[in-house]
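Participant: The sequence and its predicted three-dimensional model are supplied below.
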Amino acid sequence: MGLTAKLLKGTLYAGGLRIGKLDGYERLIAGIYGRPDRVPIILQPYTFAMAQHGLPARRFFTEPEPFVNASRNTAAYFGADSWSPIFDFYNIELEALGQKLIWRENSEPDVDTREPLVASRDDFRRLKPPIPGRGGRMPYVLESYRRYIDVMGIPPMAYACSPFTMAVLIRGYVNFLRDMRRDPAFAHRLLKFLSMEVVVPWIDKMVEATRTAIVVMSDAWASAPNMTTQIVREFCLPYVEKVVRATNSSMRTVMDSGSWGEKQVAEPSEILDVKMDMMTRGNGFKPLRPFFLLVWNEDYEEVGIPRMRAYAEEKNVCLMLNVRPDLIEEGPIERIVGNIVKLIGEGAGKGKFALLINLVPVGTPVEHAHAAVAAIKQFGAYPVGSLEPSAFRMPSFEPFDEWMRREGLPV
């Protein structure tokens, strides 16, 4: 079944026309638009997949086939509904521009903040936009997406770095704060360049290569307490809107996500409103847009899931919560299950809800990840019924090496 048919089936199921069983992707779409058969599980395999397969970081983050195959194996082994080919997406455009990265043995590369690419105004004048798809590791990303399509049969969710976060990384946090306060005209010139000459062409290239339906820009630096909402509204959101207007279409949703900070302000809706604007600016909020309001555990644990749920229902969007990574790592299984039950009990409502396992830390016992997935499947069936953690049934599972010999893709 093609992507369009899957989207249609998922949306119709969400609306009550429940014909046939849902596969993982259809379940995710149904969960975004309404009520699926159970809460969808999204997994980001990332560095856990790298370690699980014994891959060096430089190989995992530069070679498409082992990257995608290892990621797929991990997602399939744990039984996730959906997974994304997650790499260090904050760095791709920056590296293509010439920004130096620091490579580590057991983790993703990171920007070398000691040497920002735009350390001076002269550096900016010398900056040239990369050729979309050819600079740095852009070919690795495009080929990874093609490999994902070969393996999964559908386009991936594609990722880009937001212009605002890119500006912070390319200029340096202190330097860019100073720019916004003392020389806002320069800050706006840099943001316009990054938006229209770097991010837009890169999104267009990814869409051309994949025909993806969703492109997500991540904006970690547009978050409290790093930035005030006033700064975000003046220097971030206008450029989100520029990118969305330039790249969105009737068959594609381009959005910004990844910020946080609800617990940092007196009224959480101040941050949630910014997140909604990051999703909908330039889109003309239409019913058939797969938007999701992503709230991280650092915030919902302080503010409370019911407040997040009420806000999502007011705005008529899907609420997505991540499962605490350190809890999956440390366990024990009873605590993991209890946490899953709480997330479902307070967040699932009557639908428009999904759970994200965004990080399984390297070294996590595999039974912990299996327990998290199994608990979501057992307790997340709609309509949500008994939520008694003691009723949890831990499934049996094969050791990973045995599973790999039978089901795994070679890396």
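Facilitator: Cool, the structure landed. Since the model is a prediction, treat every value here as computed from it, not as a measurement. Numbers count the residues shown, from 1 in each chain.
Participant: what ranges do the strands span in this structure?
Facilitator: Using DSSP state E, the strands of the chain run over 41-43, 82-83, 101-102, 110-111, 158-161, 214-218, 253-257, 292-295, 318-322, 353-357.
Participant: Give me the helices and strands touching the third one, please.
Facilitator: It stands for strand 101-102. Counting contacts by 3 or more Cβ pairs under 8 Å, 6 or more residues apart in numbering; DSSP states H and E, strand 101-102 packs against strand 110-111. For glycine as for every other residue, the C-beta is placed from the backbone atoms N, C-alpha and C.
Participant: For the strand it packs on, the averaged confidence score.
Facilitator: Averaged across strand 110-111, pLDDT comes to 94.
Participant: Any idea what the closest residue to Ile32 other than its chain neighbours is bridged to?
Facilitator: Computed as Cβ to Cβ, 6 or more residues apart in numbering, the closest residue to Ile32 that is not its neighbour in sequence is Cys318, at 4.4 Å. For Cys318, the beta-bridge assignment (DSSP bridges) gives partners Phe292.
Participant: my guess is Cys318 meets Arg309, correct?
Facilitator: No. With contact defined as Cβ atoms under 8 Å, Cys318 does not reach Arg309; the gap is 11.0 Å.
Participant: Look at the residue nearest to Ile32 and report its pLDDT.
Facilitator: Cys318 carries a pLDDT value of 95.
Participant: Can you give me the neighbour number for it?
Facilitator: When neighbours are counted by other Cβ atoms under 10 Å, Cys318 registers 22.
Participant: which ones are touching Lys242?
Facilitator: Taking Cβ atoms under 8 Å, 6 or more residues apart in numbering, we find Lys242 in contact with 192, 195-196, 200, 282.
Participant: Stretch 226-244: how far from the chain's middle?
Facilitator: Relative to the chain's own centre, stretch 226-244 is displaced by 19 Å; criterion: Cα atoms, centre = their mean, to the nearest Å.
Participant: ugh, typo on my part, it should be stretch 69-76
Facilitator: For stretch 69-76 - counting by Cα atoms, centre = their mean - the centre lies 17 Å from the chain centre.
Participant: Contacts for that stretch, please.
Facilitator: 43, 45-46, 48-50, 52-53, 55, 60, 83, 85-86, 147-148, 151-152, 404, 407-411.
Participant: Run through the residues that contact the closest residue to Ile86 other than its chain neighbours.
Facilitator: Excluding the flanking residues, the one nearest Ile86 by Cβ to Cβ, 6+ apart is Gln44, at 4.5 Å. Gln44 makes contact with 83-84, 86, 356-359 under the criterion Cβ under 8 Å, 6+ apart.
Participant: Can you show me the helices along the stretch 101-250 of the chain?
Facilitator: Taking DSSP state H, counting those that start in this stretch to define them, one finds helices in the stretch 101-250 of the chain at 121-126, 138-152, 163-171, 173-182, 184-193, 200-210, 229-231, 237-247.
Participant: now for those, which one comes closest to Gly258?
Facilitator: Closest to Gly258 of the helices of the stretch 101-250 of the chain, according to Cβ to Cβ: helix 163-171, at 8.2 Å.
Participant: Identify the residues contacting the closest one?
Facilitator: With Cβ under 8 Å, 6+ apart as the test, helix 163-171 has contacts from 90, 93-94, 97, 99, 111, 113, 116-119, 161, 176, 179, 187, 190-191, 194-195, 198-199, 218-222, 232, 235-236, 239-240, 243.
Participant: Map the structural domains onto the sequence of the protein.
Facilitator: Following the assignment in automatic domain parsing, the chain carries domains at 1-35, 75-82+291-411, 87-284.
Participant: Format those domains as a markdown table; extra columns: distance to Val68.
Facilitator: A markdown table is the format used below for these (distance: least, Cβ to Cβ, whole Å):
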| stretch | distance to Val68 |
| --- | --- |
| domain 1-35 | 16 |
| domain 75-82+291-411 | 8 |
| domain 87-284 | 4 |
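Participant: Next, count neighbours for Gln120.
Facilitator: Actually, residue 120 is Ser. It isn't Gln. A count of nearby residues for Ser120, using other Cβ under 10 Å, gives 11.
Participant: again with Glu108
Facilitator: With other Cβ under 10 Å as criterion, Glu108 counts 19.
Participant: Test my guess that it contacts Arg58.
Facilitator: No. Glu108 lies out of contact with Arg58 (Cβ under 8 Å); the separation is 10.4 Å.
Participant: how about the CA coordinates for stretch 361-381, as CSV?
Facilitator: Output in CSV follows, covering the C-alpha atoms of stretch 361-381 (Å, rounded to 0.1, in the frame of the first residue of the first chain):
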residue,chain,number,x,y,z
PRO,A,361,20.8,5.3,26.4
VAL,A,362,23.7,3.2,25.4
GLY,A,363,24.1,0.4,27.9
THR,A,364,20.4,0.1,28.7
PRO,A,365,19.4,-3.5,29.4
VAL,A,366,17.2,-4.7,26.4
GLU,A,367,14.6,-6.0,28.8
HIS,A,368,13.9,-2.4,29.9
ALA,A,369,13.1,-1.2,26.4
HIS,A,370,11.0,-4.3,25.7
ALA,A,371,9.1,-3.6,28.9
ALA,A,372,8.4,0.0,27.9
VAL,A,373,7.1,-1.0,24.5
ALA,A,374,5.0,-3.9,25.9
ALA,A,375,3.5,-1.7,28.6
ILE,A,376,2.3,0.8,26.0
LYS,A,377,0.8,-2.0,23.9
GLN,A,378,-1.0,-3.6,26.9
PHE,A,379,-2.3,-0.5,28.7
GLY,A,380,-2.7,1.8,25.7
ALA,A,381,-5.5,0.0,23.9
